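In: Based on what follows, work out the 3D shape:
(one chain, ligands or ions: 1)
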Amino acid sequence: MSELRVRFAPSPTGYLHVGGARTALFNWLLARKQGGTFILRIEDTDVERSTKESVDAILEGMQWLGLEWDEGPFYQSDCFDLYKEYVQKLLDEGKAYKCFCSGDELEKKRELAMREGRKPKYDGTCRERGDNPEAPYVVRFRAPQGGEVAFDDLIKGRIAFPAEELDDLIIQRTDGTPTYNFCVVIDDASMRISTVIRGDDHVNNTPRQIQLYQALGFPVPQFAHVPMILGSDKARLSKRHGATSVIAYRDMGFLPEALNNYLVRLGWSHGDDEIFSRDEMIQKFDISSVGRSASVFNTEKLLWLNAHYIKNGDRERLADLLLPHLSKRGVTTLGGPDLLLVVKSLQERAQTLEEMAERAVFYYNAPQAYDQAALAKFEQDHLRAVFETVAEKLSDTSAADAAGFDALFKEICAEKGWKMPQVGQPVRIALSGGTQAPGVGEIIQALGSAEAIRRIHNAAAFLDAK
Ligand code: GLU
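Out: Model (predicted):
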């Protein structure tokens, strides 16, 4: 194990967002690359907004993506005593102080500052007060003044904030609960996090946190702030751009390797490479080559990657993954065609498992209706002749696989002087109801010739009934 210790620290106030998943992925990749440790910490100090469902949804998303953590999950809500101890330590050392200013007073000061064109900042009224009245108070950090707080961000380069811009941060609320920035520092220090990789919406928190590390005598970790993910209109990616939850992508029929591959490329590149296996990602990922600007989420590209992984995926696994998408459609595969053959016939054609399931339904449920427009392209007599001939030939043939059935269709064409589409298309409609199905040989192999003959007879009967 190297000294590298990283963490993913979601707040459980919703599902696992794709942006969060990318942050988790970057942390995980770096840990795996450097033989470090990846820690999962649930930041649930906001008791009102944190829920158990959300924790479960986050864990489920991480597990589905295969981002296994080495330590945790740790819950901040289990650590209140620890935070309290450190608040007391800072108070004892005079590095924090009790502030008795009421909310109203602070609001008035804030308004005044705004009117006078000053940055609203706590004016330090209670910094030097000697008394200790019996009144509600918050604990504020005595932020060091003068100079600047700077750090070398692994992605964004050097970032410096003038210390005078940094407020005397509240580290403990009136009700005694610690605040977010304080807990993060105590946790990152006590978990010996060496590199903090997180969304760049936290950049402004970093200098405050650095001051806290220094005041507490903790080593300051390295920081890497990952740029945001935007929607196509360049606004921060949100629900209004489409699905943002990792689990929603699973339910829409995406493969975890496709989503990981997509997310790793979002803001990071390695030459012109687009396809990365898990191992390649680990080998090639480098936090310093993450770009500085925000990236735009592109569903088309995600679909393209998903199609790639479906096309090249292991059939047994795809079949397993397809099952819930089929049962969602009321399809049971028991007693029907071999699902592996079905997957094989659709692997090249489906961009998602949802699409694959949709296209697979006809294998298990014989068509109840036919694509009229497609049938209308052929003369009725021709259709009848095709159905009759094909049914007859199928009942005689010893062919059993796609190639054998395709050869049979070639023979039929040669014998009758028909062109392949003149036979293939009507048969495809008879077997599947429409024209968007795989090759007829593949379909018949999966259905079996007896079922194929039954369906062709049904289609012929449908013509007769018209
Ligand atoms: N809990 C924070 C969030 O979900 C992350 C804090 C951090 O990574 O430092 O945005």
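
In: Disregarding residues adjacent in the polypeptide, which is nearest to the residue of the stretch 301-450 of the chain found nearest the ligand?
Out: Relative to the ligand, the nearest point of the stretch 301-450 of the chain is residue 302 (23.0 Å; Cβ to the nearest ligand atom). Quick note: C-beta positions are derived from backbone N, CA and C, even for glycine. Nearest residue to residue 302, sequence neighbours excluded (Cβ to Cβ, 6 or more residues apart in numbering): residue 262, at 4.6 Å.

In: repeat for residue 298
Out: residue 232 (7.7 Å).

In: re earlier: how far away is the residue of the stretch 301-450 of the chain closest to the ligand from residue 258?
Out: For residue 302, the distance to residue 258 equals 7 Å [Cβ to Cβ, to the nearest Å].

In: Could you do residue 44 as well?
Out: 31 Å.

In: and what of residue 269?
Out: 18 Å.

In: the more surrounded of those two?
Out: residue 258 (24 against 14; other Cβ atoms under 10 Å).

In: secondary structure class for that one?
Out: helix (DSSP: H, G, I helix; E, B strand; the rest coil).

In: Which residues are in contact with it?
Out: Residues near residue 258 by Cβ atoms under 8 Å, 6 or more residues apart in numbering: 302, 305, 306, 308, 309.

In: Which residue comes closest to it once chain neighbours are left out?
Out: With Cβ to Cβ, 6+ apart, the residue lying closest to residue 258 is residue 306, at 4.0 Å.

In: before we move on, what about residue 337?
Out: Residue 337 sits nearest to residue 446 (Cβ to Cβ, 6+ apart), 4.0 Å away.

In: and the helix or strand harbouring that neighbour, average pLDDT?
Out: Assigned by DSSP states H and E, residue 446 belongs to helix 440-447. Computed over helix 440-447, the mean pLDDT rounds to 97.

In: May I have it exported as CSV, CA atoms only?
Out: What follows is helix 440-447 as a C-alpha-only set of coordinates in CSV (Å, rounded to 0.1, in the frame of the first residue of the first chain):
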residue,chain,number,x,y,z
VAL,A,440,-34.4,-14.4,-40.8
GLY,A,441,-31.9,-17.3,-40.4
GLU,A,442,-31.0,-16.0,-36.9
ILE,A,443,-34.6,-15.6,-35.9
ILE,A,444,-35.6,-19.1,-37.1
GLN,A,445,-32.6,-20.6,-35.3
ALA,A,446,-33.7,-19.0,-32.0
LEU,A,447,-37.4,-19.7,-32.5
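
In: For residue 240, list the residues it contacts.
Out: residue 231.

In: typed the wrong thing, it's residue 29
Out: Counting by Cβ under 8 Å, 6+ apart, residue 29 makes contact with 264, 281, 282, 285.

In: Tell me if I'm right that the second one and residue 261 touch.
Out: Yes. With contact taken as Cβ atoms under 8 Å, residue 281 and residue 261 are classed as touching, separated by 7.5 Å.

In: give me phi/psi at the residue of the stretch 301-450 of the chain closest to the ligand?
Out: Main-chain dihedrals, residue 302, degrees, to the nearest 10: phi -60, psi -40.

In: Quick check, residue 87 in contact with residue 182.
Out: Yes. Assessed by Cβ under 8 Å, residue 87 is found in contact with residue 182 at 7.3 Å.

In: Show me whatever sits in contact with both of those two.
Out: By Cβ under 8 Å, 6+ apart, the residues touching both residue 87 and residue 182 are 171, 172.

In: Test my guess that residue 231 contacts residue 244.
Out: No. Using Cβ under 8 Å, residue 231 is not in contact with residue 244, being 9.2 Å away.

In: These two: who's more crowded?
Out: residue 244 (22 against 16).

In: With respect to residue 375, which of the contacts of residue 258 is nearest?
Out: Ranked by distance to residue 375 (Cβ to Cβ), the contacts of residue 258 are led by residue 306 at 32.9 Å.

In: residues in contact with that closest one?
Out: 253, 254, 255, 258, 259, 351, 352.

In: okay if I get those as TSV plus secondary structure and distance to the ligand?
Out: Converted to TSV, the contacts of residue 306 look like this (DSSP: H, G, I helix; E, B strand; the rest coil; distance: Cβ to the nearest ligand atom, whole Å):
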residue	secondary structure	distance to the ligand
253	coil	28
254	coil	23
255	coil	26
258	helix	25
259	helix	19
351	coil	31
352	coil	29
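
In: shouldn't the residue nearest to residue 337 be in contact with residue 345?
Out: Yes. At 6.2 Å, residue 446 and residue 345 qualify as touching, with contact defined as Cβ under 8 Å.

In: For residue 423, see how far away residue 352 is.
Out: For residue 352, the distance to residue 423 - Cβ to Cβ - is 31 Å.

In: ok, now residue 320?
Out: Distance of residue 320 to residue 423, given as Cβ to Cβ: 35 Å.

In: Those two: which is more packed in?
Out: The residue with more neighbours, out of residue 320 and residue 423, is residue 423; 22 against 12, by other Cβ under 10 Å.

In: Extract the C-alpha trace of the helix or strand where that one lies and format it as PDB.
Out: Assigned by DSSP H and E, residue 423 belongs to helix 420-432. C-alpha atoms of helix 420-432 as PDB (Å, rounded to 0.1, in the frame of the first residue of the first chain):
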ATOM      1  CA  MET A 420     -33.800 -12.300 -51.200                       C
ATOM      2  CA  PRO A 421     -35.700  -9.200 -49.800                       C
ATOM      3  CA  GLN A 422     -38.800 -10.400 -51.500                       C
ATOM      4  CA  VAL A 423     -38.700 -13.500 -49.300                       C
ATOM      5  CA  GLY A 424     -36.800 -12.300 -46.300                       C
ATOM      6  CA  GLN A 425     -38.900  -9.200 -45.600                       C
ATOM      7  CA  PRO A 426     -42.300 -10.900 -45.600                       C
ATOM      8  CA  VAL A 427     -41.000 -13.800 -43.500                       C
ATOM      9  CA  ARG A 428     -39.500 -11.300 -41.000                       C
ATOM     10  CA  ILE A 429     -42.800  -9.600 -40.700                       C
ATOM     11  CA  ALA A 430     -44.600 -12.900 -40.200                       C
ATOM     12  CA  LEU A 431     -42.100 -13.900 -37.500                       C
ATOM     13  CA  SER A 432     -41.700 -10.600 -35.700                       C
END
